[in-house]
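Engineer: need a 3D model of the following:
(one chain, ligands or ions: 1)
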Amino acid sequence: LKELRISSSLGTSTICLGPIRRSLEQLGAIQKSVLITDRNVASLYSHLFLGCRSFILSPGEESKSLSTIEKIYRKFFDWRLDRSSTVIGFGGGVVGDITGFAASTYLRGLPFILIPTTLLSQADSSVGGKTGVNFLGYKNIIGTFTLPRFVLIDPCFLQTLPEEEILNGAAEIVKHALIASPGLFRFLKKEWPRLLRKDKAVLKKAVLTSIQIKSAIVCRDGKEKGERRKLNFGHTLGHALEKSCALSHGQAVAWAMDFAARLSCRLNLLSPDDLTGILTLLKNLFPSSSSLSSSLPPKESLHAAARLDKKREAEDIRFVFLSGIGKAVVKKIPYFELERLIDDLYQSG
Ligand SMILES: NC(=O)c1ccc[n+]([C@@H]2O[C@H](COP(=O)([O-])OP(=O)(O)OC[C@H]3O[C@@H](n4cnc5c(N)ncnc54)[C@H](O)[C@@H]3O)[C@@H](O)[C@H]2O)c1
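Structural biologist: The predicted structure is shown next:
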């Protein structure tokens, strides 16, 4: 079992990676532990948690709402939870974000443990302490920064994931490579076909390197005052494109990373060779969503996407560019400047 520790302004958290499946029954035996999961995960793995009181969500993003949180609070109340209780979130990023938010706000904070079961949640969302729900159509606009006590990651769970979910996670792993690790980028360049085939060794290495990158950033900047903003690479436009163009998360982020890399090259921050390498990897993983080609969303939806993004501050937007493979720079630029760059890039094709 590999162990990593996050120690930051948010507190501490221990991440364990390895074959934890067999020891899950013991979690159910923790005094006053309760489980939050979703229907899909419950139908595949509920036998691992015999005896645990559980709240089962409908799968999907629609569950990330205040009304779900209210239902969970009512359950917590019925179950007479107190601060000695532990809440276990077992599932993908949706379950993790909801579990963290409900636990961190009920009675001003109950301890919680996350057991992520999707590639996205193992490589990204379970690490770092962002919890939250969507509100008024904006993603994750209500939430807290609270670290789980433990994150227990077993790549074995990924074997039951559909391909689209593998791709959603792959986009986050590529993001980590592009902002922080030329080594991970080289690994993905070589191993992407095995990643898509759910090769266990490749998944394990990609997840481990991703969480090492993310936890190191979170240790230095828990509350996103500076360096942590780099993790938004491909997400400023990605989130909004996901909604406005009905793309999967992975496709939207891949598209937005492709776009941000091109912008970076246009501004002479990124070399043409590095750009070619990035576009090739994205095209291999996401053949339909990468490149400024026929799959290009209308220019207007990109403008609208940038305007919609909640990270926009007044007339400025913090945009994450690349200055090399493994190097990100965050620049605060006036919104009209981003719009001009978008137009420029569309004109040049
Ligand atoms: N907190 C953060 O830092 C952070 C970072 C990135 C993303 N997120 C959030 O994460 C969410 C997306 O997470 P996700 O991609 O894991 O989606 P998800 O939680 O919706 O899971 C995707 C689907 O896979 C199913 N599933 C889960 N585990 C499975 C398994 N082992 N086998 C088969 N099916 C399984 C789920 O039931 C669901 O249908 C978004 O809401 C996003 O905002 C949070």
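Engineer: how about the residues of the stretch 51-200 of the chain that lie near the ligand?
Structural biologist: Residues of the stretch 51-200 of the chain found near the ligand (CB under 6 Å from any ligand atom) are 59-61, 64, 91-95, 97, 117-118, 120-121, 124-125, 128, 130, 139-140, 157, 160-161, 165, 168. From N, CA and C alone the C-beta is placed, and that goes for glycine too.
Engineer: from the residues you listed, list the buried ones, please.
Structural biologist: 59, 64, 91-95, 97, 117-118, 120-121, 124-125, 128, 130, 139-140, 157, 161, 165, 168 (16 or more other CB atoms under 10 Å).
Engineer: number of nearby residues for residue 276?
Structural biologist: Neighbourhood size, residue 276 [other CB atoms under 10 Å]: 12.
Engineer: so which elements touch the helix or strand encompassing it?
Structural biologist: According to DSSP states H and E, residue 276 maps onto helix 272-285. In terms of contacts (3 or more CB pairs under 8 Å, 6 or more residues apart in numbering; DSSP states H and E), helix 272-285 is packed against helix 163-180, helix 182-196, helix 249-266, strand 316-324.
Engineer: okay, angle between the last one and helix 272-285 too, please.
Structural biologist: Counting by axes from the mean of the first three to the mean of the last three CA atoms, to 10 degrees, strand 316-324 lies at 100 degrees to helix 272-285.
Engineer: give me the buried positions along strand 316-324.
Structural biologist: 317, 319-322.
Engineer: do the same with the first one
Structural biologist: For helix 163-180, the neighbour count (16+ other CB under 10 Å) marks 165-180 as buried.
Engineer: so what's whichever residue of the stretch 151-300 of the chain sits closest to the ligand up against?
Structural biologist: Closest to the ligand within the stretch 151-300 of the chain is residue 160: 3.5 Å, counting by CB to the nearest ligand atom. Residue 160 sits next to residue 44 when contact means CB atoms under 8 Å, 6 or more residues apart in numbering.
Engineer: please begin residue numbering at 753 from this point
Structural biologist: All set: I'll call the first residue 753, so the last point we hit is now residue 912.
Engineer: how much space between it and residue 795?
Structural biologist: Distance, residue 912 to residue 795, using CB to CB, to the nearest Å: 10 Å.
Engineer: got any ranges where the stretch 753-902 of the chain has weak pLDDT?
Structural biologist: Within the stretch 753-902 of the chain, the stretches with pLDDT under 70 are 774, 777-778, 780-781, 783, 802.
Engineer: that one: strands as residue ranges?
Structural biologist: Along the stretch 753-902 of the chain, the segments classed as strands by DSSP state E, counting those that start in this stretch run 754-760, 763-769, 785-790, 805-809, 838-843, 864-868, 882-887, 890-897, 902-905.
Engineer: now tabulate the ones you listed in JSON lines and tack on distance to residue 993.
Structural biologist: What follows is these, written out as JSON lines (distance: least, CB to CB, whole Å):
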{"stretch": "strand 754-760", "distance to residue 993": "30"}
{"stretch": "strand 763-769", "distance to residue 993": "30"}
{"stretch": "strand 785-790", "distance to residue 993": "25"}
{"stretch": "strand 805-809", "distance to residue 993": "26"}
{"stretch": "strand 838-843", "distance to residue 993": "25"}
{"stretch": "strand 864-868", "distance to residue 993": "25"}
{"stretch": "strand 882-887", "distance to residue 993": "16"}
{"stretch": "strand 890-897", "distance to residue 993": "12"}
{"stretch": "strand 902-905", "distance to residue 993": "29"}
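Engineer: pick the most buried one from these.
Structural biologist: Each of these was scored by mean neighbour count; the highest is strand 864-868, a mean of 29, by mean count of other CB atoms under 10 Å.
Engineer: and it, how far from the chain's centre?
Structural biologist: With CA atoms, centre = their mean, to the nearest Å as the basis, strand 864-868 stands 15 Å off its chain's centre.
Engineer: and for stretch 980-994?
Structural biologist: Using CA atoms, centre = their mean, the offset of stretch 980-994 from its chain centre is 10 Å.
Engineer: report whether it contacts the ligand.
Structural biologist: No. Figure legend: stretch 980-994 not in contact with the ligand (CB under 6 Å from any ligand atom); closest approach 8.0 Å.
Engineer: tell me the span between the first and last residue of that stretch.
Structural biologist: Separation of the first and last residues of stretch 980-994 by CA to CA, to the nearest Å is 22 Å.
Engineer: quick one: mean pLDDT over that stretch.
Structural biologist: Mean per-residue pLDDT for stretch 980-994: 89.
Engineer: same check, this time on stretch 955-972
Structural biologist: Per-residue pLDDT over stretch 955-972 has a mean of 97.
Engineer: and for stretch 1052-1067?
Structural biologist: Across stretch 1052-1067, pLDDT averages out at 64.
Engineer: ditto for stretch 917-934
Structural biologist: For stretch 917-934, mean pLDDT is 98.
Engineer: off-centre distance for that stretch?
Structural biologist: Computed by CA atoms, centre = their mean, the chain-centroid distance of stretch 917-934 equals 10 Å.
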